Every structure is written in C-alpha cells, then in structure tokens.
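> Provided below are the primary sequence and the corresponding predicted coordinates.
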Number of protein chains: 2
Amino acid sequence: MLAKQERAVRTRRAILDAASELFNEVGYEATTIGALLARIDVTRGGLYFHFTTKEQLARAVLDEAVTLEGVRPQAFKLQEWVDIALLLAHRVPREPILRASIRLSVDPVSRRLFGTRWPDWIEVGHGLLVEARDKGELLPHVDPDEIARLLVGAWTGVQLVTEVLPERTLSEEISSLFALILPNIASSGVLARLDTSPYRAERLLQTAHSEVE
Amino acid sequence: MLAKQERAVRTRRAILDAASELFNEVGYEATTIGALLARIDVTRGGLYFHFTTKEQLARAVLDEAVTLEGVRPQAFKLQEWVDIALLLAHRVPREPILRASIRLSVDPVSRRLFGTRWPDWIEVGHGLLVEARDKGELLPHVDPDEIARLLVGAWTGVQLVTEVLPERTLSEEISSLFALILPNIASSGVLARLDTSPYRAERLLQTAHSEVE
C-alpha cells in the first residue's frame, strides 16, 4: 500500500514536471493534454487519476510556487529575507515547476485565469521586514511595504532578463542585487554581518538535507 | 501628396496600436490578422499595404521599443540614466506599443522568434553609466556593466508586478526603486542633486513639446 502511494506521488510529480516544461516552452495557451501525454510514461487514465484538465495542472503548479524550502531561522530576520530570494535564485534554474509558475504569472491569459503568487511573496517578505524593523535591523527610513513589493518585482525581472542573457547565473545576479540595495535597507551594524554570497543557497540546502538523513 | 503620406503614417500607427493591444490582451500566439481587422477601420488591402504578416507587426512593435523621447542633456549623466527609466515608466502605462514590446519579450514563443530589446536597453544604460563614471559621478565600487543589467531587469519586473498590483503608479514605483539604489551608486555630492520624482517625466515631456511648438 505504501509503495502504491509512493508511486502515485512520483507519478504526480513527473506529470507536473512535464506540464511545467510545456508551459515554459510553448506557453499556457498552446499546451495540450495530448502533448503532455506524448512526453510522459503515463496512460491517459493514469493522468486523469491526478489531473483532468490543463487548468488543474496550472493551479497545481502555482500551488507549489511559494516555497520556503531551505530557509532556516537566522540571527537576523533580514538574513532570512535575503535567504528566501537566494534560495529561489538557486532553485528556479533547476526546477521547471518554479519557472512555470513565473511563466504563468507573466502570461496575460493564464494570469487572468489564475492570478499570480506575487501577493503571497510580497506578504512573506513584508512579514520578515516588519520583524526586522521591530528588532532594529532596518535603517529608520525603510518602509517594509514598499521594499517588499520592489524586491518581488526586481527579483522577477532580473530572473527574466538573466534567462535571455545568461552571462552570469541567477544566483550571482540576485547576490549583486542585494549588494546594491542592502546598504540602503540594513542598519550599518547588521549590514556588515549579512551573507549575500551566490553560494549561500547551496550551503543552506545541503545543511537541510544532511540533517534529514 | 503630403496629405496622403500623413494619412499613411496615421494608418500605420493605428494598425500598430491595435496590434499591440491584441498582443497585450491575448498574447502573440493567439493574435490573428482577422481579429486585428475586426478592431480597426482599415480594409485588408489597406492593412497589407503596411504589414502582410503577424511577424512584421511584432517586429515593428519591437523596432519602436527603444525610445529616448523626452530625454534631454543634463548636468549629470546619472540624471539622464534616471530620466530614461522615469520617462518609460510614465509612457508604458499610456502607450500600448511599449507595453506590447515588454509582452513580446517575456513571452517564450515570441521571444524565440524575435529576441528582446533588453540588450539594447542595457547598452544605452551602460553607455551613460560609463560616462557618469568618467565624470566622477559614481561611487568607486560601481560596475557599470552589472548595474546597467540589474536596472533593466529590476525595471521590467517592477513593471510586471505593478500591472497586477496597481496600488501605486509605475512612475511612483520606479521613483522608489531609484531612491533605494542610487545612494549606493551616486557619489554623495551628486546624489543630493539628482531628481527622482515620479512627476519628473511629465515635466520633461511637456518641456519637449512646448519647444517643438
């Protein structure tokens, strides 16, 4: 029974990965169930056990978009805010589902149908920035609302441009983005102790995995 | 003869505006010449005089995307760099062609066909930042390459998010973006004299127009 459940979880994942690749390559409108079946080792019946429509696939992709995997409690709340953005920068080029959720958000048609996850990301960032402010980590002029929204926008656009101009990795670009903005956000004592390295996300994920083992 | 030419210019503009609106609403793939004709007061023959394929329409949109209208020589090169971004922030919500050029750049299918104008924008910004550096306007650690690319990315993403969450205008958001990043770019004497107001673009355009009259 367990083996059967495990297989179902794996099949669902394989379907979502393949659907995400299609969304990324041809967009939401041009994606079809037929093209999806041609790409995966699953029967129509097997697919329908998990998803019966393209809409359900898109919603499932967006359901997984707001992920805090690898984020761990830090001495500074500002570090956790940075970590979320660095972790995503590390994972997005490696995980088709995360790229598809961005794709679905920038596409005018799918966006109209499903909305975007940007408000959720802004809320996550806002919560951390408010905590950071209350702990004295922010410069006095910083408005958590404004900065949370700007970071989600800036992160998204840097990802899109980096996809087209991949001279540097997304991790390097997001690291540079923080180096640019943090001196005007973090109070000076905190600033010197923040880690914005492009390799930080990899280390955070390794630590998380080795603890699980 | 002149009237005829003028009419042709106006017709071409009306066609491009309508095609841009379609690109924005339904995306490149779903846009058809039929839907375009249903929307404009031009015959099929009149359309074909200017454009015979959807591809030509997309290329014409992208040809107009890199525009410096309203930019004027300033005491600081950094101000010109800011002005370009503020002018675009003012114009993009008002001009369907400029929005369509962003739409075509973020869409995976049209991007594969036509590329994006991001490299051109990065080059424009880079040129100004190098001049700014040579005139001593930049802090010593600033890398014009890196900053030019980050700004194009950040600007694009802030535009996309603002479209979905229009609590503030794009001009206000881009003004805030500069307030966030300029203290870590401009040398301090220059910083105090830069104008990043959300109303600056409107003033620049009014001055340009009144001089033409």
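Now that the structure is in, tell me what you want to look at. Numbering: from 1, shown residues only, chains lettered A, B, ... in the order given.

> for A:Glu55, helix, strand, or coil?
Following DSSP: H, G, I helix; E, B strand; the rest coil, the label given to A:Glu55 is helix.

> The nearest residue to it once chain neighbours are set aside is in what secondary structure piece?
Spatial nearest neighbour of A:Glu55, chain neighbours left out: A:Leu113 (7.0 Å); criterion: CB to CB, 6 or more residues apart in numbering or on different chains. Yep, even glycine has a C-beta here, placed from its N, CA and C like the rest. Using DSSP states H and E, A:Leu113 sits in helix A:108-114.

> So which elements touch that helix?
helix A:2-30, helix A:54-63, helix A:96-106, helix B:2-26 (3 or more CB pairs under 8 Å, 6 or more residues apart in numbering or on different chains; DSSP states H and E).

> Buried residues of the helix or strand following the longest one, list them for me.
Read that as helix A:2-30. Sequence order places helix A:33-39 as the next helix or strand after helix A:2-30, per DSSP H and E. By 16 or more other CB atoms under 10 Å in any protein chain shown, the buried positions in helix A:33-39 come out as A:33, A:36-37.

> Just name the closest of the residues you listed to A:Ala14, please.
A:Leu36 (10.6 Å; CB to CB).

> contacting residues for the residue nearest to the spatial centre of chain A?
Centroid-nearest residue in chain A: A:Leu88, 4.6 Å away (criterion: CA atoms, centre = their mean). Taking CB atoms under 8 Å, 6 or more residues apart in numbering or on different chains, we find A:Leu88 in contact with A:67, A:98, A:155.

> Which positions within the lowest-mean-pLDDT helix or strand in chain A qualify as buried?
Every helix and strand of chain A was ranked by mean pLDDT, DSSP states H and E. The lowest is helix A:200-212, at a mean of 83. Across helix A:200-212, burial judged by 16+ other CB under 10 Å covers A:200-201, A:204.

> Pull the distance from that helix to the chain's centre.
Counting by CA atoms, centre = their mean, to the nearest Å, helix A:200-212 is centred 17 Å from the centre of its parent chain.

> In PDB, could you pull the C-alpha coordinates for that helix?
Only the C-alpha atoms of helix A:200-212 are listed here, as PDB (Å, rounded to 0.1, in the frame of the first residue of the first chain):
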ATOM      1  CA  ARG A 200      24.900  30.600   0.200                       C
ATOM      2  CA  ALA A 201      21.700  28.900  -1.000                       C
ATOM      3  CA  GLU A 202      23.600  25.700  -2.000                       C
ATOM      4  CA  ARG A 203      25.100  25.500   1.500                       C
ATOM      5  CA  LEU A 204      21.700  26.100   3.100                       C
ATOM      6  CA  LEU A 205      20.100  23.300   1.100                       C
ATOM      7  CA  GLN A 206      23.000  20.900   1.800                       C
ATOM      8  CA  THR A 207      22.700  21.500   5.600                       C
ATOM      9  CA  ALA A 208      18.900  21.000   5.400                       C
ATOM     10  CA  HIS A 209      19.400  17.700   3.500                       C
ATOM     11  CA  SER A 210      22.200  16.300   5.700                       C
ATOM     12  CA  GLU A 211      20.000  16.900   8.800                       C
ATOM     13  CA  VAL A 212      17.200  15.000   7.300                       C
END
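
> what residues does that helix touch?
A:69-72, A:83, A:86-87, A:89-91, A:171.
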